[in-house]
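**Q** Test case, fold it:
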Amino acid sequence: MGWEVIPYDRKYYRDHFSCGKPSLDNYILRNATKDVNDGACTCFVIIDERQRIIAYYTLTAASVPIDDAPQELKRRIKYPHVPVILLGRLTVHSEYKGKGYGKLLLANSLKRSLQVAKDLVGSMAVIVDPIDEEAEQFYQKYGFAEIPDSGRMFMTMSKIEEAFALSR
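**A** The predicted structure is shown next:
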């Protein structure tokens, strides 16, 4: 495969991007530049040889109210909010689906999140808001657990750290 995940730049071509989910297509086309420039998120992409975006994900610092947090985090923190990193969007252009790019993006996002949590900004988990059942199954496949009654899923930093330690 040999593709590199790099920081988003508006110079990369995004007009062709189509993953089959209009909200994700529209985001990279219309909102990513502004959100990155405003500091609302970071965005990372994979580009092809013509500098067209073929996959992307976003990360944002976030928190969840302690009452909405997974049980295993509630036991460990005594604050009203639990610090987390939100993996806000993760998608691959339709032409490239089924070739491992989603897994590559997810691993890259988790590795970056873990590094940030260890070295820069405290965070106890990565959370996602799956857009549909297909996304939910994708995250479950890689070890994310559901947060009951919220539609959200999470993976703790300790589980992420363990996963990367095992993959070495």
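**Q** the strands in this structure, which residues?
**A** Secondary structure of the chain (DSSP state E): strands at 6-7, 42-47, 53-65, 81-92, 125-128, 145-146, 153-156.
**Q** Save these as CSV, and put in mean neighbour count, distance to residue 117 and mean pLDDT too.
**A** All C-beta spots, glycine's among them, are computed from the backbone N, C-alpha and C. As requested, those are arranged in CSV below (neighbours: other Cβ atoms under 10 Å; distance: least, Cβ to Cβ, whole Å; pLDDT from 0 to 100):
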stretch, mean neighbour count, distance to residue 117, mean pLDDT
strand 6-7, 10, 19, 97
strand 42-47, 21, 14, 97
strand 53-65, 20, 10, 95
strand 81-92, 22, 7, 95
strand 125-128, 26, 9, 96
strand 145-146, 16, 18, 91
strand 153-156, 22, 10, 94
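**Q** Figure out which of those strands is closest to residue 24.
**A** strand 81-92 (4.5 Å; Cβ to Cβ).
**Q** Name the strands paired with the closest one and say parallel or antiparallel.
**A** Here strand 81-92 is paired, per DSSP bridges, with strand 53-65 (antiparallel), strand 125-128 (parallel).
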